[in-house]
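Peer 1: Generate coordinates for the sequence data below:
(2 chains)
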Amino acid sequence: EPEVTQTPSHQVTQMGQEVILRCVPISNHLYFYWYRQILGQKVEFLVSFYNNEISEKSEIFDDQFSVERPDGSNFTLKIRSTKLEDSAMYFCASSVGQGETEAFFGQGTRLTVV
Amino acid sequence: GQQLNQSPQSMFIQEGEDVSMNCTSSSIFNTWLWYKQDPGEGPVLLIALYKAGELTSNGRLTAQFGITRKDSFLNISASIPSDVGIYFCAGQKDYGGSQGNLIFGKGTKLSVKP
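Peer 2: Numbering: from 1, shown residues only, chains lettered A, B, ... in the order given. The predicted structure is shown next:
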């Protein structure tokens, strides 16, 4: 069964460093998303991406965040200068598109900022 | 921001019992989704609901999209130990064909006594 894959599964980084989280969405999906989940809390939307541009973003997604689809398969989230409060699980998700709005999530990347 | 009120926050039940949880919102959603999350994993889609009043089953799971479009419930019949986990509702709006982001509830933590 097709699935969203994310790498790495766990990333530890020093405060102020840049990190790139990687995702390979399901191949025929057109919409891509990043969500995050701080430990013990609910899942929060960060950004959606369609047709090579951001279609929607939350107030969490500030200038420190960026997304990119560098090739036909990868979808990345970059955090330019990490802060302690960026520590969370980051989930990538994808969906087919119009009329079928089921978003399928990856296993997540646990980001720990020290 | 928009919030979904999910209840109960947690529940302990005996194996074999039926479970019910629900989500309410002050906003109208076009889609309701129910996810289950196991520790350290990403949310896994259980049921998707697209029409007001829709009642959908997936094995022992049944979910309904409220007539007002502001609520949804999930029932689990004859619970078993592997039903343990956190269940999230998520609502989604469509914006003229563009995929809206998912707004998640805070989750219902289900624990089953064997």
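Peer 1: Every contact and neighbour count from this point should use C-alpha atoms.
Peer 2: Noted.
Peer 1: so what's the closest residue in space to residue A:80 that isn't next to it in sequence scoring on pLDDT?
Peer 2: Nearest residue to residue A:80, sequence neighbours excluded (C-alpha to C-alpha, 6 or more residues apart in numbering or on different chains): residue A:18, at 4.5 Å. Note on residue A:18: pLDDT of 97.
Peer 1: One more: residue B:97?
Peer 2: pLDDT, residue B:97: 48.
Peer 1: Secondary structure element holding the closest residue to chain A within chain B?
Peer 2: In chain B, the residue that lies nearest chain A is residue B:42 (4.4 Å; C-alpha to the nearest C-alpha). Using DSSP states H and E, residue B:42 is not contained in any helix or strand.
Peer 1: wait, it sits on residue A:108?
Peer 2: Yes - counting by C-alpha atoms under 8 Å, residue A:108 is a contact partner of residue B:42 at 5.8 Å.
Peer 1: Got phi/psi on the closest residue to residue A:24 other than its chain neighbours?
Peer 2: Counting by C-alpha to C-alpha, 6+ apart, residue A:74 is the residue found nearest to residue A:24 once chain neighbours are left out, at 4.8 Å. Per-residue torsions, residue A:74: phi -90, psi 150 (degrees, to the nearest 10).
Peer 1: and chain A, which residues reach chain B?
Peer 2: A:31, A:41-45, A:47-48, A:55-56, A:91, A:97-98, A:101-108 (C-alpha under 8 Å from any C-alpha of the partner chain).
Peer 1: Would you show me how to pick out the buried ones of these in ChimeraX?
Peer 2: To isolate the buried ones among the residues of chain A next to chain B in ChimeraX, judged by 16 or more other C-alpha atoms under 10 Å in any protein chain shown, type:
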select /A:31,43,44,45,47,48,55,56,91,97,101,102,103,104,105,106,107,108
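Peer 1: can you tell me which of the residues of chain A next to chain B are in strands?
Peer 2: A:31, A:44-45, A:47-48, A:55-56, A:91, A:104-105 (DSSP state E).
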